[in-house]
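1. sharing a model prediction with you, sequence too.
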Amino acid sequence: MRRGVTYGVMAGAIWGTVFLVPRLLPDFPPMMLGAARCMMYGLVSLAVALPMARRLAAKLTRADLAAIGTLALVGNLVYYVLLTAGVHRVGIGPTSLVVGVLPVTVTLAGRRDAGAVALDRLLWPLLLVVAGLVCINVDVFAPGPIETGATGVIDKLVGLLCAAGALASWTWFAVENARYLRRHPRFDGNEWSVLLGLATGVLGAVLWLACPLLPSAMSATLTAPSTPLPDARWHAFWLLNLGLAVGASWLGTALWNAASKRLPLTLSGQLIVFETLFALLYGFIYEARLPRPLEAAAIVLLLAGVTWSVRRHDDGARGPATIDGCANTPAP
């Protein structure tokens, strides 16, 4: 169990960098960042897939390909583009706290599945989560500068909506991915992760090629830098995205699967909170500040609500690849 907890915390520490990289690359728009990370993830998955290519090809059906493409689109490409847009507009703190509600939203989305916890048992944890979200919104819209430079109400609102969209896309992915794996047990976790990575790489390449073709009115904020960037920035861009592909998408997933094999579901579910904690820690270190009072209140309320919710989740009838959606899935 100690090793399992250690692996889970290490996975959270790596996954927290997903929120930091967009903050380190504010001069690259979300679609470009999303396309680059997905392409790098695809290349890493291709290298892993080569030794098992024949075995994977023999198992795949048309239905599998359609499911893999949809899951990769929503759970990897759309998720990361929205997350990046949220970080650019409202910062790491609000975005990571909104996305950090994931264990609760996955539980709610899967409440009709076998063995799901009754909704009335989640009432008080959900109230804590709602209170935390209220604190986030009040803090974002309070007078005073936001570290990202977003000052307009509309810009802040778009940032929070993007964070909520990232939460919704990953929630849908986690639930549908877990259900598909239960219906098709012929794929193990590693094989499925590789297939999703390959599909994600293809989608990233398509988006990368499509970016210059989008309307020029959108280019400054969605597709391409508005002014030429020095070579050093492009080097940082590719190195950081490669780091995310190897670290967050490959190593983080391996560590999480190792933790999931050693821990009960209720405990591993609580360890997801470390992703939010490390994302906040990286953000505060990067911005060289302490959390504001409302941020601190939101952190306490959300972590308490999520942890309480997971504790109430009865895992007696579920295994490691259940509606939790976290075991045997690619890293967020």
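-> Sure thing, it's come through.

2. heading C-terminal from the lowest-mean-pLDDT helix or strand in the chain, find the next helix or strand.
-> Least confident element among the helices and strands of the chain, by mean pLDDT, DSSP states H and E: helix 265-271 (a mean of 64). Sequence order places helix 273-287 as the next helix or strand after helix 265-271, per DSSP states H and E.

3. would you mark the buried spots in that next one?
-> 273-284 (16 or more other C-beta atoms under 10 Å). Bear in mind the C-beta positions are built from the backbone N, C-alpha and C, glycine included.

4. hmm, which of these is lowest in pLDDT?
-> Lowest pLDDT among the buried residues of helix 273-287: V273, with 80.

5. and it, how far is that from A164?
-> 19 Å (C-beta to C-beta, to the nearest Å).

6. then D231?
-> Per C-beta to C-beta, D231 is found 36 Å from A164.

7. repeat for L255
-> The gap separating L255 from A164 is 28 Å, by C-beta to C-beta.

8. what about these two, which has more around it?
-> L255 (21 against 17; other C-beta atoms under 10 Å).

9. what's near enough to touch the more buried one?
-> Contacts for L255 (C-beta atoms under 8 Å, 6 or more residues apart in numbering) come out as 7-8, 10-11, 14.

10. spatially nearest residue to it (excluding sequence neighbours)?
-> Leaving aside its sequence neighbours, L255 sits nearest to A11 (C-beta to C-beta, 6 or more residues apart in numbering; 4.0 Å).

11. how about the one you found, secondary structure?
-> helix (DSSP: H, G, I helix; E, B strand; the rest coil).

12. G243 versus that one, what's the distance?
-> 15 Å.

13. between the two, which one's more packed in?
-> Taking other C-beta under 10 Å, A11 and G243 do not tie; A11 has more neighbours (29 against 15).

14. so where's the stretch 101-250 of the chain shaky on pLDDT?
-> Counting by pLDDT under 70, the stretch 101-250 of the chain contains low-confidence residues at 110-119, 143-151, 214-227.

15. can you map out the helices along it?
-> Assigned helices in the stretch 101-250 of the chain, in chain order: 102-109, 123-141, 153-183, 189-210, 231-244 (criterion: DSSP state H, counting those that start in this stretch).

16. would you list those in a markdown table and tack on distance to A85?
-> Converted to a markdown table, the helices of the stretch 101-250 of the chain look like this (distance: least, C-beta to C-beta, whole Å):
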| stretch | distance to A85 |
| --- | --- |
| helix 102-109 | 18 |
| helix 123-141 | 14 |
| helix 153-183 | 4 |
| helix 189-210 | 14 |
| helix 231-244 | 16 |
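
17. deepest-packed of these, please.
-> helix 102-109 (a mean of 22; mean count of other C-beta atoms under 10 Å).

18. pull the CA atoms of that one into CSV?
-> What follows is helix 102-109, C-alpha atoms only, in CSV (Å, rounded to 0.1, in the frame of the first residue of the first chain):
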residue,chain,number,x,y,z
LEU,A,102,-13.5,15.5,-11.6
PRO,A,103,-14.0,12.7,-9.0
VAL,A,104,-17.4,14.2,-8.0
THR,A,105,-18.6,14.8,-11.6
VAL,A,106,-17.5,11.3,-12.7
THR,A,107,-19.4,9.8,-9.7
LEU,A,108,-22.5,11.8,-10.6
ALA,A,109,-22.3,10.9,-14.3
